[in-house]
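Asks: Sequence first, predicted model second:
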Amino acid sequence: MKRVLALLVLLVFLFPCVVFAGGGQEKKVEEQKLEIFSWWTAGGEADGLEQMFKIYKQKYPEIEIVNATVAGGAGSNAKAVLATRMQGGNPPDSFQVHAGHELIDTWVVAGKMEPITFIFKENDYIKAYPEGVIDIISYKGEIYSVPVNIHRSNVLWYNKKVFSDNGLKAPATFAEFFEVAEALAAKGITPLALGDNGIWAATHMLESVLCGVLGPDKYKGLWDGSTAWDSSEAKKALATYVEMLQYVNTDHAALGWDGAAQYVADGTCAMTIMGDWAQGYYTSKGLKADVDYGWIPAPGTGGVFIMLSDSFGLPKGAPHRDAAVKWLTVCASKEGQDAFNPLKGSIPSRIDGNRNLYDVYLKSAMDDFGANSIVPSVAHGAAASEGWVTEINDVMTFFVSDQNVDKAGADFQKAAAKYAK
């Protein structure tokens, strides 16, 4: 009986240890996870993300991927959900965000992100990225995100048949643009398609005009305060923009960017200035690049690549930090980017992508990206904080309507005085 009692006492003492050990083992299994937060829920973007997941699973089969997506155009819904989680101390392991000030001014300055320079250094990745891209993803000498793709903002798309039938050449300068616009208008063809329902497309076109008139250095100066928005040069750009508005479709305020792209496809309008997701739109409609439609850098921007990029970073307090570091390493790799971008309809942020995987337009974009001056897009979060972009869009709403250059210059400068640094 004494031996039985002794055994029972021993088991009582050992049982919590066994449970604790079992719980500890269970916890270890649960930690083999990776939660990726994005707004890529459909089409090529979701397919491209799945290809990067596939590479990750091949390398780290023991880690379970949690694909935490929130549907909504350009991340409108996802950003609100992310803000709640980040502010509540419940960050995902990594999340999609536009590279540049959208990330830096929102989360890096607030102390919510870890620098990831070590990933680039340890894997010898820095030399694979253009200096302009490294500048955009850095803050105070540290890199804070991995750009998984590159989209180009400053592209003028045109209907090749309309241009051919009228003996016209795609305009590389503003002088050529206005000459072509006059010739088209005389034939009853609307020269320029704009679909600024939601106003961002008007801001999108403005950034190309600003860069085309000011040049890349003074364009960048708009975002650090070294170029004044109410200077004579900046107001010349605003006046050029107003002149271009005289050639756009009258229903532009009721039209989305894709509607404007369709006007060009139909030949209702001859040209539009839009990012290279327009090429994905044309492809989805069965149109052939360099046959049905052509492209050229927006007037005045030859040799300049206005970029925007989707990127992933490392939040402080990421529940599964090691898994997140592995994810970011895949994102930054040549293998990961070449798996993602052909399906997304974008080019890799690295300059050593496998050209055989990309179509004729994307090959041309890769060539320009490797050779051009790289400057950030304001309409898409690279050049300015979300608050500043909101104020710019507010000014644009009035500017497109009243076309008052002096007032717009003063209002833009007022916003710049608040945000530029």
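Replies: Received the coordinates, thanks. As the structure is a prediction and not an experimental result, all values here were calculated from the model. Numbering: from 1, shown residues only.
Asks: those strands in the stretch 251-400 of the chain, which residues are they?
Replies: Along the stretch 251-400 of the chain, counting by DSSP state E, counting those that start in this stretch, strands occupy 269-273, 293-297, 304-308, 310-312, 314-315, 373-376.
Asks: Compare those and give me the one nearest R85.
Replies: strand 314-315 (9.1 Å; CB to CB). To be clear about C-beta, it is placed using only N, CA and C from the backbone, and glycine gets the same treatment.
Asks: show me where the stretch 101-250 of the chain has strands.
Replies: 113-114, 138-139, 142-143, 146-147, 151-152, 155-159, 190-193.
Asks: Turn these into JSON lines, including distance to L308, mean pLDDT and mean neighbour count.
Replies: Formatted as JSON lines, the strands of the stretch 101-250 of the chain follow (distance: least, CB to CB, whole Å; pLDDT from 0 to 100; neighbours: other CB atoms under 10 Å):
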{"stretch": "strand 113-114", "distance to L308": "19", "mean pLDDT": "98", "mean neighbour count": "22"}
{"stretch": "strand 138-139", "distance to L308": "16", "mean pLDDT": "96", "mean neighbour count": "17"}
{"stretch": "strand 142-143", "distance to L308": "17", "mean pLDDT": "98", "mean neighbour count": "18"}
{"stretch": "strand 146-147", "distance to L308": "9", "mean pLDDT": "98", "mean neighbour count": "28"}
{"stretch": "strand 151-152", "distance to L308": "5", "mean pLDDT": "95", "mean neighbour count": "26"}
{"stretch": "strand 155-159", "distance to L308": "12", "mean pLDDT": "98", "mean neighbour count": "24"}
{"stretch": "strand 190-193", "distance to L308": "21", "mean pLDDT": "98", "mean neighbour count": "26"}
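Asks: Adding distance to A172, write those strands out as JSON lines.
Replies: Formatted as JSON lines, the strands of the stretch 101-250 of the chain follow (distance: least, CB to CB, whole Å):
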{"stretch": "strand 113-114", "distance to A172": "40"}
{"stretch": "strand 138-139", "distance to A172": "32"}
{"stretch": "strand 142-143", "distance to A172": "35"}
{"stretch": "strand 146-147", "distance to A172": "28"}
{"stretch": "strand 151-152", "distance to A172": "16"}
{"stretch": "strand 155-159", "distance to A172": "9"}
{"stretch": "strand 190-193", "distance to A172": "15"}
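Asks: For D165, see how far away D196 is.
Replies: Distance, D196 to D165, using CB to CB, to the nearest Å: 28 Å.
Asks: neighbour-wise, which of these two wins?
Replies: Ranked by neighbour count (other CB atoms under 10 Å), D196 and D165 place D196 first, with 23 against 12.
Asks: Isn't the more buried one up against H252?
Replies: Yes. Contact criterion CB atoms under 8 Å: D196 and H252 qualify, at 5.5 Å.
Asks: The strands of the stretch 101-250 of the chain: which one's closest to G302?
Replies: Short answer: strand 155-159, nearest of those by CB to CB, at 10.7 Å.
Asks: helices or strands next to the closest one in the packing?
Replies: helix 257-266, strand 269-273, helix 277-284, strand 293-297 (3 or more CB pairs under 8 Å, 6 or more residues apart in numbering; DSSP states H and E).
Asks: any idea which of these is most buried?
Replies: Of all the helices and strands packed on strand 155-159, strand 269-273 carries the top mean neighbour count, a mean of 28, counting by mean count of other CB atoms under 10 Å.
Asks: angle of it against strand 155-159?
Replies: 170 degrees (axes from the mean of the first three to the mean of the last three CA atoms, to 10 degrees).
Asks: what's the average pLDDT for strand 269-273?
Replies: Across strand 269-273, the average pLDDT comes to 98.
Asks: which neighbours does it have in its sheet, and in what orientation?
Replies: Sheet pairing for strand 269-273, assigned by DSSP bridges, gives strand 155-159 (antiparallel), strand 190-193 (parallel).
Asks: For those strands, give me JSON lines that also has distance to S346.
Replies: JSON lines is the format used below for those (distance: least, CB to CB, whole Å):
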{"stretch": "strand 155-159", "distance to S346": "13"}
{"stretch": "strand 190-193", "distance to S346": "22"}
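Asks: Compare these and give me the one nearest V291.
Replies: Minimum separation from V291 across these (CB to CB) falls at strand 155-159, 11.1 Å.
Asks: can you list contacts of that closest one?
Replies: If you take CB atoms under 8 Å, 6 or more residues apart in numbering as the criterion, strand 155-159 is touched by 170-171, 261, 264-265, 267, 269-276, 278-279, 282, 292-299.
Asks: Name the residues of stretch 411-418 that are buried.
Replies: Residues of stretch 411-418 classed as buried by neighbour count (16 or more other CB atoms under 10 Å): D411, F412, Q413, A415, A416.
Asks: cool, stretch 346-364 as well?
Replies: Taking 16+ other CB under 10 Å as the criterion, stretch 346-364 shows S346, I347, P348, S349, R350, G353, Y358, Y361, L362, K363, S364 as buried.
Asks: Select, from those residues, the two members most distant in space.
Replies: Maximum pairwise distance in the buried residues of stretch 346-364, criterion CB to CB, is 18.4 Å, between R350 and Y361.
Asks: Can you name the residues that contact the residue positioned nearest the centre of the chain?
Replies: Geometric centre of the chain, nearest residue: S309, 3.2 Å, by CA atoms, centre = their mean. Taking CB under 8 Å, 6+ apart as the criterion, S309 is in contact with H98, A99, G100, V133, I136, P147, V148, N149, I150, H151, S349, A382.
Asks: swap the cut-off to 6 Å and go again
Replies: By CB atoms under 6 Å, 6 or more residues apart in numbering, the contact set of S309 is A99, P147, I150, S349.
Asks: Help me confirm that the last one comes into contact with S145.
Replies: Going back to what we said before, that points to S349. No. With contact defined as CB atoms under 6 Å, S349 does not count as touching S145 (10.3 Å).
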